[in-house]
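Participant: below: sequence and its predicted model.
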Amino acid sequence: MTILHDHPTSDTGALAALIRDALIDQSYPERVEVCIHTVDAETIRRHNREAFGKDHPTDVVSFPVEDLLPGVAPTVDPGGPPLVLGDVFIAPEVVVERAAQHGYDADAEMALMAVHGVLHLMGYDHVEDDEAETMEAIETRILAKHGMGRR
């Protein structure tokens, strides 16, 4: 499993462990690549506007490479290249600001955004209530394995 991070920090290992657990939780093969980008509010605002037509900063956006079905782990040829899931962009300043507004722990919120973004790469969404409940249950389970919770 390869997790690329463009701005390694002291918490990179913790985020990688969370993402690894999310992939394992969903029975993804070992040969998977995910790229995590930490960006400023203006950069994520631009991504949000260009991709989704929403002209405001957000905490996380994901850009999957494949159109995957949630809950269905893809197969990877053991002799071939790894499966590239896509890119997750997280804006730490937005995450920290929103965490403060809602009384959440900023580190737990960053962890949640990493897991949330990777679940989007795996085909999960939260447009419908049942989809949101499924995603939240997975997120809660992964965070709990690391002694974290959102609320």
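Facilitator: All right, it came through fine. Here the structure is a predicted model, which is why all the values come from computation and not from measurement. Residues are numbered from 1 along each chain as shown.

Participant: hmm, residue 90 is touching residue 116, no?
Facilitator: No: contact criterion CB atoms under 8 Å: residue 90 and residue 116 do not qualify, at 9.3 Å. For every residue, glycine as well, the C-beta is placed using N, CA and C.

Participant: okay, and the common contacts of those two?
Facilitator: Common contact partners of residue 90 and residue 116 (CB atoms under 8 Å, 6 or more residues apart in numbering): residue 60.

Participant: which residue ranges of this structure form helices?
Facilitator: Taking DSSP state H to define them, one finds helices in the chain at 12-25, 41-52, 92-102, 106-121, 129-145.

Participant: so what's the residue count around the residue nearest to residue 114 when sequence neighbours are not counted?
Facilitator: Spatial nearest neighbour of residue 114, excluding adjacent residues (CB to CB, 6 or more residues apart in numbering): residue 15 at 4.7 Å. Using other CB atoms under 10 Å, residue 15 has 23 other residues around it.

Participant: again, but for the one 10 residues further on
Facilitator: Applying other CB under 10 Å, we find 15 residues neighbouring residue 25.

Participant: excluding its backbone neighbours, what's nearest it?
Facilitator: residue 142 (6.0 Å).

Participant: residue contacts, the one you found?
Facilitator: For residue 142, the contact set (CB under 8 Å, 6+ apart) comprises 18, 21, 22, 25, 115.
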